[in-house]
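Novice: what follows is a predicted structure for the sequence shown.
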Amino acid sequence: MIRNKLLSDIFYGTELEKIASGTQSIRKILLNSDPSFERVDWSQIEEIVKNYFQQRLKGQFGGPITAGDAFFMAAYMAAFRPASIIEVGIASGISSSFMLFAAEKLELLSHHRIFLHSVDLFLKHPKFNTEIGRVVWMNFPNLQQYWKAYLGETLADVAINRRDEIVSNDGPTLAFIDANHLHPWPLVDLVAASTLVPSGSWVMLQDTQVMERWLANCVEQKVPCPRPCRGVNFVSTLWPGKKIIGTEMCFNMASVQLDQSDEGLEEFVRTCMSYPSEAGPRQLAQVKNYLEQFGTTALDRTGQERVRE
Ligand SMILES: C[S@@+](CC[C@H](N)C(=O)[O-])C[C@H]1O[C@@H](n2cnc3c(N)ncnc32)[C@H](O)[C@@H]1O
């Protein structure tokens with residue numbers, strides 16, 4: 001909740017009391033984007049988001065999704081009714097537990113089937129020294145059976161080494177990315193996700209406007225703004241195919257449809273990589289290595305580095 005009057009005319013995403021009025025435009029945009037949204041019961045989505053975010057959840061930390069983000073995500077779940085979802089970026093597990101919670105309400109869960117595959121680089125969060133994903137088992141122990149966490153790995157590691165554990169008849173047909181936002185990490189996450197879901201699937205991206213969020217935080221807390229972090233913004237705005245850019249309460253979300261040929265994807269990678277890296281040289285080398293393993297050759301000509309590590 002923003003208290004600073006200088007920020008009173010912008011959405012932050014947490015305004016649960018405005019969930020109806022603050023999501024009107026995105027409903028129309030989604031309805032225009034794909035006929036699957038015609039089956040969404042918008043009042044049910046509002047209820048799901050309200051019921052989840054009104055709870056006092058134990059164990060939260062580390063940049064969780066907001067109610068506005070959740071509305072966008074639940075709309076995709078209701079429209080496309082995935083058998084399972086692949087997620088990267090768990091932290092305390094707000095997005096993970098929200099997707100499991102929404103899946104139960106939308107009747108997407110099925111016994112003995114993993115609904116959510118979630119990946120995170122850490123087992124314990126390095127800043128908070130607490131277990132990754134603990135919100136799930138601390139608050140929703142009954143939903144844990146539908147969840148599989150892959151900890152200590154990137155999504156690219158999982159896509160390269162453990163693809164068979166994920167891709168199946170009940171494999172993911174929807175993806176959610178909320179991990180490292182520094183360019184070009186969201187790019188490699190998107191390319192990795194594209195190897196785990198069928199073509200034509202949608203990938204939801206969180207923190208597309210993280211700089212707007214950070215600027216608001218800095219005005220609120222009267223602290224300097226960190227260096228730019230626009231990786232998610234780059235991949236969503238540069239995506240050459242069908243995409244949705246969130247607005248109002250959902251301003252910090254976007255989604256792209258994996259509708260590109262290999263050549264289109266390669267051109268997209270090349271374009272993204274022509275933007276200066278926000279990650280340091282070691283991480284940039286790691287990203288290039290992953291992209292090479294995925295068969296995108298576009299990288300040799302690119303990648304101006306910004307020394308930061
Ligand atoms: C913003 S937090 C995710 C918040 C979470 N989605 C939620 O709603 O609670 C980002 C998470 O991504 C993880 N992360 C950072 N870089 C990563 C990478 N390259 N691969 C996988 N996970 C990564 C971090 O450990 C952190 O837990």
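Specialist: Thanks, I have the structure now. Numbering: from 1, shown residues only.
Novice: partners of the most centrally placed residue in the chain in the sheet?
Specialist: Here the mean C-alpha position of the chain is nearest to the C-alpha of residue 177 (Cα atoms, centre = their mean), at a distance of 2.8 Å. For residue 177, the beta-bridge partners are residue 88, residue 205 (DSSP bridges).
Novice: contacts only, for it.
Specialist: 87-89, 155, 186, 189-190, 193, 203-206, 232 (Cβ atoms under 8 Å, 6 or more residues apart in numbering). (Glycine included, C-beta is placed from N, CA and C.)
Novice: repeat that with 7 Å
Specialist: Listed by Cβ atoms under 7 Å, 6 or more residues apart in numbering, the contact partners of residue 177 are 88, 89, 186, 189, 190, 193, 203, 205, 206.
Novice: now residue 256
Specialist: Going by Cβ under 7 Å, 6+ apart, residue 256 touches 203, 236, 239, 241, 243.
Novice: 10 Å instead, please
Specialist: 175, 177, 190, 193-194, 201-205, 235-236, 238-245, 268 (Cβ atoms under 10 Å, 6 or more residues apart in numbering).
Novice: can you say which of the residues you listed are buried?
Specialist: Listed as buried from the contacts of residue 256 are 175, 177, 190, 193-194, 201-205, 235-236, 238-239, 243-245, 268; burial here means 16 or more other Cβ atoms under 10 Å.
Novice: tell me which of the residues you listed fall in helices.
Specialist: Counted as lying in helices by DSSP state H, out of these, are 190, 193, 194, 235, 236, 238, 268.
Novice: so what touches the helix or strand where residue 44 lies?
Specialist: Assigned by DSSP states H and E, residue 44 belongs to helix 42-53. Here helix 42-53 makes contact (Cβ under 10 Å, 6+ apart) with 14, 16-17, 19-20, 23-24, 27, 30-31, 41, 65-75, 77-79, 94, 97-98, 101-106, 139-140, 249.
Novice: go again using 8 Å as the cut-off
Specialist: So helix 42-53 is contacted by 16, 19-20, 23, 27, 67, 70-71, 74-75, 78, 97-98, 101-102, 105-106 (Cβ under 8 Å, 6+ apart).
Novice: show the average pLDDT along that helix.
Specialist: Mean pLDDT, helix 42-53: 98.
Novice: that one: what's the following helix or strand?
Specialist: helix 67-80.
Novice: just give the number of residues close to residue 259.
Specialist: By other Cβ atoms under 10 Å, the residues close to residue 259 number 15.
Novice: so what pLDDT did the residue lying closest to it once chain neighbours are set aside get?
Specialist: Nearest non-adjacent residue to residue 259, counting by Cβ to Cβ, 6 or more residues apart in numbering: residue 241, 4.2 Å away. pLDDT for residue 241: 98.
Novice: distance of residue 241 relative to the ligand?
Specialist: 24 Å (Cβ to the nearest ligand atom, to the nearest Å).
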